[in-house]
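J.: Have a look at this fold, sequence not included:
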């Protein structure tokens, strides 16, 4: 399996914006799930930046994102200044 596609989230942004890159992260996890096209070959790693709490107002939904698989997992990881 190849490396998963990297997606970045920074809850401190507090707006529905961003492109999901390290330089322009998405604002929150659910927005990212709803915006990203799932990598059905290698999976996705969502890197959520520490510092501002990600406060969810509802259950996280995979309805738009789709179903992860063993070969194309959905990984959630925290980071401080750089991912990894």
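T.: Received, thanks. Just so it is clear, the structure is predicted and the values come from calculations on it, not from any experiment.
J.: any idea which element the nearest residue to residue 56 once chain neighbours are set aside lies in?
T.: Nearest-residue entry for residue 56: residue 30, 6.9 Å, with adjacent residues in sequence omitted and distances by CB to CB, 6 or more residues apart in numbering. C-betas here are computed from N, CA, C, even on glycine. Using DSSP states H and E, residue 30 maps to helix 29-35.
J.: do the same with residue 53
T.: Using DSSP H and E, residue 53 falls within no helix or strand.
J.: how much space is there between it and residue 39?
T.: Going from residue 53 to residue 39 by CB to CB, to the nearest Å gives 27 Å.
J.: Looking at the two now, which is surrounded by more residues?
T.: Each of residue 53 and residue 39 has its neighbours counted (other CB atoms under 10 Å); residue 39 has more, 17 against 8.
J.: Does the more buried one fall in a helix, a strand, or a coil region?
T.: State at residue 39, reduced to three classes by DSSP: H, G, I helix; E, B strand; the rest coil: coil.
J.: Who are the contact partners of the residue nearest to residue 56?
T.: Residue 30 makes contact with 56, 58, 60, 61 under the criterion CB atoms under 8 Å, 6 or more residues apart in numbering.
J.: Got phi/psi on the first one?
T.: Taking degrees, to the nearest 10, you get phi -90, psi 130 for the backbone angles of residue 56.
J.: This completes my enquiry, with thanks.
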